[in-house]
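A.B. asks: okay, here's the prediction I keep looking at, along with the sequence it came from:
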Amino acid sequence: MPYPSATLDFEATAYCDIGITKSGVPTAPGIVAGDPEFLPLGSWIHLEAPGYTGIYRVMDTGRLVKGKIVDIFIPGYQTAIEFGRQKVKVTILKHAPFRRKAAPLLNLE
């Protein structure tokens, strides 16, 4: 598939849980969770959603995030609840799996 992709129809939800994502980075604005079958960790997307249009990186997954769904990290419980579930447009900018850097080996001699 050439990138950027065609604009795709997705659904979006929001989460506000602060913690560590599946990729090992902390949750932060600009991060979304996606289904790795559609959007592997590390993928870059352009999301069109009222008030949240922009470029995001897929750095998390979720047990309820299956198929053409993204879960946007939005700090603040009430704001995330108000976002609800919406139809959005997604353009895949880069479909690139995230690879953690290996920890350096310690020389214990």
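C.D. replies: Right, received. Where do you want to start? Numbering: from 1, shown residues only.

A.B. asks: alpha carbons only for contacts and neighbour counts from here, please
C.D. replies: Fine.

A.B. asks: low-confidence ranges in this protein?
C.D. replies: Low-confidence segments of the chain, defined by pLDDT under 70, are located at 1-2, 97-109.

A.B. asks: tell me which residue is most central in it.
C.D. replies: When CA atoms, centre = their mean is applied to the chain, the residue found nearest the centroid is Val32 (2.2 Å).

A.B. asks: pretty sure that residue is in a strand, no?
C.D. replies: Yes. The assignment for Val32 (DSSP: H, G, I helix; E, B strand; the rest coil) places it in a strand.

A.B. asks: got the contact list for the residue nearest to it when sequence neighbours are not counted?
C.D. replies: Nearest non-adjacent residue to Val32, counting by CA to CA, 6 or more residues apart in numbering: Ile72, 4.5 Å away. With contacts defined as CA atoms under 8 Å, 6 or more residues apart in numbering, the neighbours of Ile72 are 12-15, 30-33.

A.B. asks: name the element Ile72 belongs to?
C.D. replies: Under the criterion DSSP states H and E, the helix or strand holding Ile72 is strand 69-73.

A.B. asks: adjacent strands (with direction) for that strand?
C.D. replies: Looking at strand 69-73 with DSSP bridges, its paired strands and their directions are strand 8-15 (parallel), strand 31-34 (antiparallel).

A.B. asks: right, and those - which one's nearest Leu41?
C.D. replies: With CA to CA as the measure, strand 31-34 is the member of these nearest Leu41 (7.8 Å).

A.B. asks: re earlier: so what's the residue nearest to Val32 bridging to?
C.D. replies: According to DSSP bridges, the partner residues bridging Ile72 are Ala14, Val32.

A.B. asks: what ranges does this structure have for its helices?
C.D. replies: Under the criterion DSSP state H, the chain contains helices at 77-83.
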